[in-house]
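Chemist: Got a sequence here, can you model it:
(2 chains)
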Amino acid sequence: MEKCRVVFSGSGGQGVITAAIILAEAAVLFENLNAVQSQSYGAEARGGATRSDIIISDSAIHYPKVIQPNVLVCLTQDAYNKFYQVIRPGGLLIADTRYVKTGKKVDAQQKEIAMFETIMDRIGKPIAFNICMLGVVISLTELVKPESIMKVLERRIPADFLDMNRTALDIGIKLGEAALT
Amino acid sequence: MSENVKFVQGNEACAEAALYAGLDFYAGYPITPSSEITEYLAYHLPQIGGKFLQMEDEIASLCAIIGASLTGRKVMTATSGPGFSLMQEALGYAIMAEIPCVIVDVQRGGPSTGLPTHGSQADVNQARWGTHGDHAIIALTASNHQDVFSITVEAFNLAETYRTPVILLLDELVAHMRERLVIPEPGKIPLVDRLKTSVKEGVDYHPYLPREDGRLPMSDFGGVHRFNVTGLFHDMWGFPSSEPSIVHGLLRHLVDKLENRAHQLACYKEYYTEDAEQLLLSYGSSARSALHTVENRRKRGERLGLLELQTLWPFPEDIVREKCAGMKSVIVVEQNMGQVLQAVKLAVDEPAKVFLANRIDGVFITPADILNILRLIQGKGV
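Modeler: Residues are numbered from 1 along each chain as shown, chains lettered A, B, ... in the order given. Just a heads-up that it's a prediction; the model follows:
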């Protein structure tokens, strides 16, 4: 596979860093790929835009940061405003409709997807919002299989929360499929 | 998926390796960006019967592991620059009293409390000369999690072999990023255990009387032999002495036991060096950007190579001289104002051909930063 550089951005508490770890861990542990994950950490990570970088590849990854993402996810307006310029021309930009109003001049496929609203509508709580976002990402990019994400979740979260996360992942996958057409 | 494959931070790789190496006593005081080592061991070490102590500060942390090591334990502590500064006094004591221990310094920006959450490689000379007096030291580093694992095990092995503190100089980027780690099967990496004295109870034991091969067998402190341990110059009994021949002999022994083995202690990796015309020389996280740069430039036909040092002290000057010989230029890639650069210039035949590609603003050095310096050296401008 081509090296895929991904940036998840949003605001603290939305789970973008957790989602990044889950995606990269799924790639390494269950897809036999290489992945590195890092995050900006420190003063600039408080408030404003939080960001986590993931690179997934079948070859070795040396420089671990993302300069131009192939896939950029923006869950807040701040994150969108700060990062949309860095996307690789022709890349995939996924924005949440509840929090982000996208601009028109971006050289990328922009997918505005109602992730937050659908999660609130179907589950009623925002806590699996990030897993829904992961569902959208993997259905649009096929970076890893849904089962690989579920295997990571089984290792990481209490059993009582698994069903809700599975539902959120499925919702995301369906939203992604709908956005493809 | 094998249970041996993990997706972890560099700090966890270091802690896992310490357990693999037989760590059974850890004392520490958490500090960013090393805290995950302490956190991981607080949870896991007691589960295998080891002792974990959270101390009141870094001075106490190093003193605690020195004491534990004397009683026969394999020991480690981890900190960052500000804590490493506090450890310098006890570090000198461990060098003088020849007490095996591993000290991890996950480097962040300094001086002082500096840049707590940003990376740096500016403690290289602190590791060498932070404690006072003539002495020798071993300092090791690594750029990826698999190497962090093996070099951590090596740190324990060298500490035991040479009865010396070993400094493990990690940095924030490698410590906090996550990537694949494959835990080797037990026995895959050989472990060096404490060389214990064969002197029986009731027979005089000389803690500082070297065998013919120069090694000093130890007796667990508090066990069957009574002996003295001091930071003063001491005789073979461990008792203080200012007798010039004893002072001279001990200092020479402390320095020679490591400096005379610099070649043997040198761990390094080389990439694309066979036909290289220009050489990047790097270590730790910077070596990741350097290797990225080398692989990209190779695709464009440039004959660029990389020498990655894992042993920083004693400085592997013979290897550096040999690998740099005949290069059009050598570019030292590091995140400080040229600490390894100075050692390289001293080692090579043509110091005027050695340049620095660095970053000191807390931002991880990028392949573009290195490329700009390469272009400048080649006279192409940025």
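
Chemist: Tell me which residues touch the residue of the stretch 201-350 of chain B found nearest chain A, please.
Modeler: Nearest residue of the stretch 201-350 of chain B to chain A, counting by Cβ to the nearest Cβ: B:His292, 3.8 Å away. C-betas here are computed from N, CA, C, even on glycine. Going by Cβ atoms under 8 Å, 6 or more residues apart in numbering or on different chains, B:His292 touches A:His62, A:Tyr63, B:Pro367.

Chemist: The same query, at a cut-off of 10 Å, please.
Modeler: Residues near B:His292 by Cβ atoms under 10 Å, 6 or more residues apart in numbering or on different chains: A:Ala60, A:Ile61, A:His62, A:Tyr63, A:Pro64, B:Leu306, B:Thr366, B:Pro367, B:Ile370.

Chemist: Next: B:Ser242.
Modeler: Residues near B:Ser242 by Cβ under 10 Å, 6+ apart: B:Leu232, B:Phe233.

Chemist: Same check on B:Gln264?
Modeler: Contact partners of B:Gln264, counting by Cβ under 10 Å, 6+ apart, are B:Leu258, B:Thr311, B:Pro314, B:Pro316.

Chemist: Kindly report the same for A:Lys125.
Modeler: Counting by Cβ under 10 Å, 6+ apart, A:Lys125 touches A:Ile119, A:Met164, A:Ala168.

Chemist: Can you give me the distance of the residue of the stretch 201-350 of chain B closest to chain A to B:Thr71?
Modeler: Distance from B:His292 to B:Thr71, counting by Cβ to Cβ, to the nearest Å: 46 Å.

Chemist: Kindly report the same for A:Glu31.
Modeler: A:Glu31 is 47 Å from B:Thr71, by Cβ to Cβ.

Chemist: now do B:Glu334
Modeler: 38 Å.

Chemist: And those two? Which one has more around it.
Modeler: Ranked by neighbour count (other Cβ atoms under 10 Å in any protein chain shown), B:Glu334 and B:Thr71 place B:Glu334 first, with 29 against 13.

Chemist: isn't the more buried one right up against B:Ser286?
Modeler: Yes. Look at B:Glu334 against B:Ser286 with Cβ atoms under 10 Å: they come within range, at 5.3 Å.

Chemist: residue contacts, the residue lying closest to A:Glu147 once chain neighbours are set aside?
Modeler: Take A:Glu147 and drop its neighbours on the chain: the residue closest to it by Cβ to Cβ, 6 or more residues apart in numbering or on different chains is A:Phe30, 7.6 Å away. Contacts for A:Phe30 (Cβ under 10 Å, 6+ apart) come out as A:Val144, A:Lys145, A:Glu147, A:Ser148, A:Ile149, A:Met150, A:Lys151, A:Val152, B:Met1, B:Val5.

Chemist: SS state for the residue of the stretch 201-350 of chain B closest to chain A?
Modeler: Put simply, B:His292 is helix when judged by DSSP: H, G, I helix; E, B strand; the rest coil.

Chemist: and it, what pLDDT?
Modeler: On pLDDT, B:His292 comes in at 98.

Chemist: which outside residues touch the helix or strand of chain A with the lowest mean pLDDT?
Modeler: Within chain A, no helix or strand scores below helix A:77-83, which has a mean of 93 by mean pLDDT, DSSP states H and E. Helix A:77-83 has contacts (Cβ under 10 Å, 6+ apart) with A:7-11, A:14, A:16, A:47-51, A:69, A:72-74, A:76, A:93, A:95-96, A:99-103, A:106, A:110.

Chemist: let's see 7 Å
Modeler: Helix A:77-83 has contacts (Cβ atoms under 7 Å, 6 or more residues apart in numbering or on different chains) with A:7, A:9-11, A:48-49, A:51, A:72, A:74, A:95, A:99-102.

Chemist: Okay, and which of the residues you listed map to strands?
Modeler: Counting by DSSP state E, these place A:Val7, A:Ser9, A:Gly10, A:Arg51, A:Leu72, A:Cys74, A:Ala95 in strands.

Chemist: Among these, which pair sits farthest apart?
Modeler: Of all pairs drawn from those, the greatest distance, 14.6 Å, lies between A:Arg51 and A:Ala95 (Cβ to Cβ).

Chemist: Contact residues of the stretch 51-200 of chain B facing chain A?
Modeler: Counting by Cβ under 7 Å from any Cβ of the partner chain, the residues of the stretch 51-200 of chain B close to chain A are B:Thr117, B:His118, B:His176, B:Met177, B:Arg178, B:Glu179, B:Arg180.

Chemist: pretty sure the last one is in contact with A:Asn32, am I right?
Modeler: No. Shown here, B:Arg180 and A:Asn32 do not form a contact pair, counting by Cβ atoms under 7 Å, at 9.7 Å.

Chemist: Now for B:Gly133: which residues touch it?
Modeler: Going by Cβ under 7 Å, 6+ apart, B:Gly133 touches B:Gly92.

Chemist: between the contacts of B:Gln264, which is nearest B:Arg108?
Modeler: With Cβ to Cβ as the yardstick, the closest approach to B:Arg108 among the contacts of B:Gln264 comes from B:Thr311, at 22.1 Å.

Chemist: which residues does that closest one bridge with?
Modeler: B:Leu140 (DSSP bridges).

Chemist: Quick check, B:Val174 in contact with B:Ser285.
Modeler: Yes. The criterion here is Cβ under 7 Å, and B:Val174 meets it with B:Ser285 at 4.9 Å.

Chemist: any residues in contact with both of those two?
Modeler: Contacts common to B:Val174 and B:Ser285, judged by Cβ under 7 Å, 6+ apart, are B:Ser143.

Chemist: on that earlier part again, PyMOL command for the buried members of the contacts of helix A:77-83?
Modeler: Buried residues among these (16 or more other Cβ atoms under 10 Å in any protein chain shown), as a PyMOL selection:
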select buried, chain A and resi 7+9+10+11+49+51+72+74+95+99+100+102
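
Chemist: Any idea which of the contacts of helix A:77-83 the model trusts least?
Modeler: A:Gly48 (67).

Chemist: Which of the ones in strands among the contacts of helix A:77-83 sits closest to chain B?
Modeler: For these, the nearest to chain B is A:Arg51 (13.7 Å; Cβ to the nearest Cβ).

Chemist: Let me know the distance separating the closest one from B:Leu115.
Modeler: A:Arg51 sits 18 Å away from B:Leu115, going by Cβ to Cβ.

Chemist: Pull the distance from stretch B:175-195 to the chain's centre.
Modeler: Chain-centre distance of stretch B:175-195: 15 Å, with Cα atoms, centre = their mean, to the nearest Å.

Chemist: Could you list the buried residues of it?
Modeler: B:Ala175, B:His176, B:Met177, B:Arg178, B:Glu179, B:Arg180, B:Leu181, B:Ile183, B:Ile189, B:Val192, B:Arg194.
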